[in-house]
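Enquirer: My questions concern the predicted model and sequence given below.
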Amino acid sequence: MIKKISNMEDYRSAYNKSIADPDAFWGEIAGEFIWKKKWDWVSKGGVEKVDYKWFDGGVLNITDN
């Protein structure tokens, strides 16, 4: 299981990672779920067109998690 944030230093570290490399950050968290089919990419699109897709191609059944 992913390390829990227990203090402000851990929070800042996680926050900085999420800003610097959001695909790696969220991919690591999503990797803890049980996926029927793993995603093709963590995110694609952009804020320019307000067209983001997250974990596109992935299939999960949340009741497995």
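Expert: Ah, there it is. Remember, it's a predicted structure, so these values are computed and weren't measured experimentally.
Enquirer: center of the protein - which residue?
Expert: Centroid-nearest residue in the chain, with CA atoms, centre = their mean: W26, separated by 1.8 Å.
Enquirer: pretty sure that residue contacts A14?
Expert: No: with contacts defined as CB atoms under 8 Å, W26 does not count as touching A14, sitting 11.3 Å away. C-beta: built from backbone N, CA, C; applies to glycine.
Enquirer: Which SSE is immediately downstream of the longest helix seen in the chain?
Expert: With DSSP state H applied, the helix covering the greatest number of residues in the chain is identified as helix 8-20. Toward the C-terminus, helix 8-20 is succeeded by helix 22-30 as the next helix or strand (DSSP states H and E).
Enquirer: what's that following helix packed up against?
Expert: Contacts of helix 22-30 with other secondary structure elements, assessed using 3 or more CB pairs under 8 Å, 6 or more residues apart in numbering; DSSP states H and E, are made with helix 8-20, strand 41-46.
Enquirer: Tell me which residues are up against the first one.
Expert: If you take CB atoms under 8 Å, 6 or more residues apart in numbering as the criterion, helix 8-20 is touched by K3, I5, A24, F25, W26.
Enquirer: Mind picking the two most distant members of the residues you listed?
Expert: For the contacts of helix 8-20, with distances taken as CB to CB, the pair at the greatest spread is I5 and A24 (17.0 Å).
Enquirer: still on that earlier bit, go through the longest helix of the chain and flag the buried ones.
Expert: Within helix 8-20, no residue counts as buried by 16 or more other CB atoms under 10 Å.
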